[in-house]
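Visitor: let's see this in three dimensions:
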Amino acid sequence: MKRSIWHQNYVTLRKQLKTLRVENNFTQVELSKKLDKHQSYVSKYENGDRNIDIIELIQICDAINVDLVNFIKLLYQDITKHK
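Guide: Residues are numbered from 1 along each chain as shown. Coordinates of the predicted model:
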């Protein structure tokens, strides 16, 4: 797979992270405070201006009270249905 932030899999990841944030009633500002980051950090990964790594994904899931394993299962299902 070509590593591009605009590859459909990365787009899917960003959409799911934003959906989880909104479903759990967090604004970007509230989440960024829990992560001890600037609001632009959340905005940039949600908009595709930056990638996140697995450690950041763990921190984001923890901050919004989402089980990482369940998130990855849902992400996997969503990604594989596009094949």
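Visitor: and for the residue nearest to Lys44 when sequence neighbours are not counted, the neighbour number?
Guide: Excluding the flanking residues, the one nearest Lys44 by CB to CB, 6 or more residues apart in numbering is Arg50, at 4.5 Å. Where you see a C-beta, it was placed from the backbone N, CA and C, and this is true even at glycine. Number of residues near Arg50 (other CB atoms under 10 Å) recorded here: 13.
Visitor: name the element Arg50 belongs to?
Guide: Assessed by DSSP states H and E, Arg50 sits outside every helix and strand.
Visitor: same question, the one 5 residues further on
Guide: Element membership for Ile55 (DSSP H and E) is helix 54-63.
Visitor: work out for me the element the residue nearest the centre of the chain sits within.
Guide: Nearest to the geometric centre of the chain sits Leu17, at 3.2 Å (CA atoms, centre = their mean). Here Leu17 sits within helix 8-23, counting by DSSP H and E.
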